[in-house]
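Q: sequence first, then the predicted structure:
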Amino acid sequence: MKENFAISVRELTKRFNDFTAVNAITFDVKQGEIFGFLGANGAGKTTAMRMLCGLSFPTSGQAMVAGYDLYQDAEKIKKSIGYMSQKFSLYEDLTIRENIRFYGGIYGLSDHEIKTKTETLVHQLHLEEQLNKLVKSLPLGWKQKLSFSVAMIHQPKIVFLDEPTGGVDPVTRREFWTLIYEAASQGTTVFVTTHYMDEAEYCDRVSIMVDGRIDALDTPLELKRKFNAPSMEEVFVQLARKAKRTE
Amino acid sequence: MKQFLFFIQKEFYHLLRDKRTLFILFGMPVVQIVIFGFALTNEVKNSRIAILDQSKDEVTTSIIQQLEASQYFDIEKNLQSEADIEPAFREGKIKLVVVFPSQFQSTLLHTNSAPIQVIADATDPNVANTLTNYASAIILDYQNNIRGNQDFPYTIQTEMRMLYNPQMKGSYNFVPGVMAMVLMLVCAMMTSISIVREKEIGTMEVILVSPMVPLRVVIAKMVPYLLLSMINIGSILVLSVFALDVPIQGSLLLLVFECFLFTITSLALGLFISSVTNSQQTAMLISLMGMFLPTIMFSGFMFPVENMPLPLQIISNIVPAKWFYYIVKAVMIKGLGFFSIWKETLILAGMTTVLMLISIKKFKTRLE
């Protein structure tokens, strides 16, 4: 395994009793890359991502995340990664300021850091007016953007996004991706799962999981060429059709 | 340490912003004490009774007057014949009928003995029992009065003393019970709900991905409810001493310490519940059915454990509230010191440790 990869996975497997959710997947993610992690529902992407975040323990295989071994340095990995879950992960009954303060706090940021972070973050998202309002009063699109910024609050080396734009309108999705590009341009590796194929086109490289295995991994351009398909959607459908597993 | 404080602060925000729950949490012990203290009581007063007096002589009139004079009975109607008894009960208002046979006085004077029949509506056996006891006591009293004029060579006098609770107040029994109930509810139910809620909304995952140590998450979740419970204990004790006149006979410090211990037990139970379910509703149901009901049934607060069948008596031993109830009664009512309750304290502490260890272990394995 080379050290300069942000994520390096070898034969990673997760079995639940006799069901193999993730079947010996192997791939590398370069530093600063936007890596799209695609797959139909039930293909095993969330399970794979949960293992890389330390939420789920692998059955077998090796993985290095941010230069640390998944088995030995789980605590160090936690400090180097950010995570935005499928479910909305802010507290609705806390204000925006309190949410930022809380997540900054549990990542061990100092009061001063939290203060400056709050300012830049709020400025970036144009939330100055809403700073002391409860999160539940925000529209969904803003919540998602805020959620992403909070996941980035400790400037992680890698950020994991699990279907971050589910249920959000196209304009907000575009804005969301602007945030992702900004993060990547500052050197953060972005590991993102999505069901939107236009988003897959935005990624530097894309992997497509079918039945617990990675069936394709390349740049969107190269994938379309290989499968002789006009769009990523077509590539995805060709691969996903082969799936035997249903949800 | 600082992340820990941030976490506790966040817990307090949740707690303080949910005004309705907060109101219930602080209001519940007060309402329970007031209800149990002033409204719910085992004593039966002003029960409606009927009289069937077929003799109508001096003695029966005098007994009826005494029944009427007592605070327990109100004479609702006078029946004319035995055929009226059943219909009187069927109406539902009458709880007791006292029947004097004809020629009551003359039978008594000539044979030195006369029967009175007391018929009770035993659909509620406890009330029936209490009422018949009251009635016989009043009749016995009358009998002693007429006998008082004569010389009687031998008499046995029973002198009764009600130890620890001379006025036989129900509050001596339920104050410790309410304490167990409130602690169970606040700690077990609220902790489990607050942890499960974070699982439901997805924030728990984010917290587990963060460098925050799981053990600290657990402790931070418990601290607010620990504090809340201690406030509740305070208000229950103040109410019971000043409003219900239930004194604290033993050491206040010891009592508070034991409450603290039981609070930890309940918190551990709450944590345990949260580790076996992912939905708030299930957590609430388990807390109510699995914790709250056994607390009421097996602590001895409502139903005496000694009278239960042996298997139930054995089961009652695994209900933490039973031991807590015993301890509180011993310290608060009997005024006993630590040496009388160290065994029970040890059992409670043991249960707490085991529960805590299992739950923390389960909480950790969830994320691995």
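A: Here it is on my side, so go on. Keep in mind that what you see is a predicted model, and the values were worked out from it rather than measured. Numbers count the residues shown, from 1 in each chain, chains lettered A, B, ... in the order given.

Q: strands along the chain, start to end?
A: With no chain named, the answer covers chain A. A:5-16, A:19-30, A:34-39, A:60-65, A:68-69, A:81-84, A:158-162, A:189-193, A:205-210, A:213-218 (DSSP state E).

Q: chain B is the one I meant
A: Under DSSP E, chain B gives strands at B:47-53, B:73-79, B:96-100, B:117-120.

Q: buried residues of the last one, list them for me.
A: Taking 16 or more other Cβ atoms under 10 Å in any protein chain shown as the neighbour-count basis, strand B:117-120 is seen to contain the buried residues B:118-120. Glycine gets a C-beta too; all of them are placed from N, C-alpha and C.

Q: and residue B:50, how many neighbours?
A: Around residue B:50 there are 22 other residues, counting by other Cβ atoms under 10 Å in any protein chain shown.

Q: surely it and residue B:87 touch.
A: No: contact between residue B:50 and residue B:87 fails when scored by Cβ atoms under 8 Å: they sit 10.3 Å apart.

Q: pretty sure residue A:151 is touching residue A:81, no?
A: No: Residue A:151 is beyond contact range of residue A:81, at 9.1 Å (criterion: Cβ under 8 Å).

Q: would you map the helices across chain A?
A: Taking DSSP state H to define them, one finds helices in chain A at A:45-53, A:74-80, A:96-106, A:111-125, A:140-151, A:170-185, A:197-202, A:220-226, A:232-240.

Q: need these in a markdown table with mean neighbour count and mean pLDDT, can you?
A: Output for the helices of chain A, formatted as a markdown table (neighbours: other Cβ atoms under 10 Å in any protein chain shown; pLDDT from 0 to 100):
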| stretch | mean neighbour count | mean pLDDT |
| --- | --- | --- |
| helix A:45-53 | 24 | 91 |
| helix A:74-80 | 18 | 90 |
| helix A:96-106 | 23 | 93 |
| helix A:111-125 | 15 | 92 |
| helix A:140-151 | 21 | 90 |
| helix A:170-185 | 16 | 91 |
| helix A:197-202 | 19 | 89 |
| helix A:220-226 | 15 | 92 |
| helix A:232-240 | 19 | 89 |
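
Q: select, out of these, the one closest to chain B.
A: For these, the distance to chain B is smallest for helix A:96-106, at 2.9 Å, taking Cβ to the nearest Cβ.

Q: could you say what helices and strands that closest one packs with?
A: On a contact count with 3 or more Cβ pairs under 8 Å, 6 or more residues apart in numbering or on different chains; DSSP states H and E, helix A:96-106 meets helix A:111-125, helix A:140-151, helix B:2-17.

Q: how about the ones you listed, which one is nearest residue B:280?
A: Of all those, helix B:2-17 sits nearest to residue B:280, with 13.2 Å by Cβ to Cβ.

Q: just want the angle from the closest one to helix A:96-106.
A: Put simply, helix B:2-17 runs at 150 degrees to helix A:96-106, going by axes from the mean of the first three to the mean of the last three Cα atoms, to 10 degrees.

Q: helix B:2-17 to helix A:111-125, inter-axis angle?
A: Using the same axes, to 10 degrees, helix B:2-17 lies at 60 degrees relative to helix A:111-125.

Q: show me what contacts residue 17?
A: Picking chain A for this. If you count contacts by Cβ atoms under 8 Å, 6 or more residues apart in numbering or on different chains, residue A:17 has none.

Q: my bad, chain B
A: Shown in contact with residue B:17 (Cβ under 8 Å, 6+ apart): residue A:93.

Q: ditto for residue A:173
A: Contacts of residue A:173 by Cβ under 8 Å, 6+ apart are A:165, A:196, A:199.

Q: residue B:14 too?
A: Counting by Cβ under 8 Å, 6+ apart, residue B:14 has contacts A:91, A:93-94, B:194.

Q: swap in 10 Å and give it another go.
A: Contact analysis of residue B:14 by Cβ atoms under 10 Å, 6 or more residues apart in numbering or on different chains lists A:91, A:93-94, B:21, B:194, B:197-198, B:224.

Q: so which residues on the stretch 151-300 of chain B come close to chain A?
A: Taking Cβ under 10 Å from any Cβ of the partner chain as the contact definition, the stretch 151-300 of chain B meets chain A at B:198-213, B:216-217, B:220.

Q: now, which of those residues lie within helices?
A: Assigned to helices by DSSP H, the following of these qualify: B:198-201, B:203-209, B:216-217, B:220.

Q: where does the prediction get shaky in the stretch 1-150 of chain B?
A: Where the stretch 1-150 of chain B drops to pLDDT under 70, the residues are B:40-43, B:148-150.

Q: which residue does it bring closest to chain A?
A: Residue of the stretch 1-150 of chain B nearest chain A, by Cβ to the nearest Cβ: residue B:6 (2.9 Å).

Q: ok, and the closest non-adjacent residue to residue B:7?
A: The spatial neighbour of residue B:7 that comes closest, neighbours along the chain excluded (Cβ to Cβ, 6 or more residues apart in numbering or on different chains), is residue B:220 at 3.8 Å.

Q: spatially nearest residue to residue A:35, not counting backbone neighbours?
A: In space, residue A:35 is closest to residue A:29, 4.6 Å off (Cβ to Cβ, 6+ apart).

Q: typed the wrong thing, it's residue B:180
A: Distance criterion Cβ to Cβ, 6+ apart; nearest residue to residue B:180, sequence neighbours excluded, is residue B:321 at 4.3 Å.

Q: and that neighbour, how many neighbours?
A: Residues within reach of residue B:321, counting by other Cβ under 10 Å, total 29.

Q: next up, the contacts around the residue most central in space within chain A.
A: Centroid-nearest residue in chain A: residue A:161, 2.1 Å away (criterion: Cα atoms, centre = their mean). If a contact means Cβ under 10 Å, 6+ apart, then residue A:161 has A:34, A:37, A:49, A:82-86, A:144, A:147-148, A:151, A:176, A:180, A:183, A:190-194 as its contacts.

Q: is it bridged to anything, and to what?
A: Counting by DSSP bridges, residue A:161 is bridged to residue A:84, residue A:192.

Q: residue A:176 versus that one, what's the distance?
A: The gap separating residue A:161 from residue A:176 is 9 Å, by Cβ to Cβ, to the nearest Å.

Q: quick check: neighbours shared by those two?
A: A:144, A:147-148.

Q: could those be laid out in a markdown table, adding distance to residue A:42?
A: Shown next, in a markdown table, are the shared contacts of residue A:161 and residue A:176 (distance: Cβ to Cβ, whole Å):
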| residue | distance to residue A:42 |
| --- | --- |
| A:144 | 24 |
| A:147 | 25 |
| A:148 | 25 |
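
Q: could I get these as a markdown table with distance to chain B?
A: Putting those into a markdown table (distance: Cβ to the nearest Cβ, whole Å) gives the following:
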| residue | distance to chain B |
| --- | --- |
| A:144 | 13 |
| A:147 | 9 |
| A:148 | 12 |
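
Q: tell me the one among these nearest to residue B:312.
A: Ranked by distance to residue B:312 (Cβ to Cβ), the shared contacts of residue A:161 and residue A:176 are led by residue A:147 at 51.6 Å.

Q: that closest one against residue A:92, yeah?
A: No: with contact defined as Cβ atoms under 10 Å, residue A:147 does not count as touching residue A:92 (11.6 Å).

Q: so what sits against both of the two?
A: Joint contacts of residue A:147 and residue A:92 (Cβ under 10 Å, 6+ apart) are A:99, A:135.

Q: which residues touch residue B:36?
A: Residues in contact with residue B:36 (Cβ under 10 Å, 6+ apart) are B:170-171, B:173-175, B:177-178, B:181, B:240, B:244.
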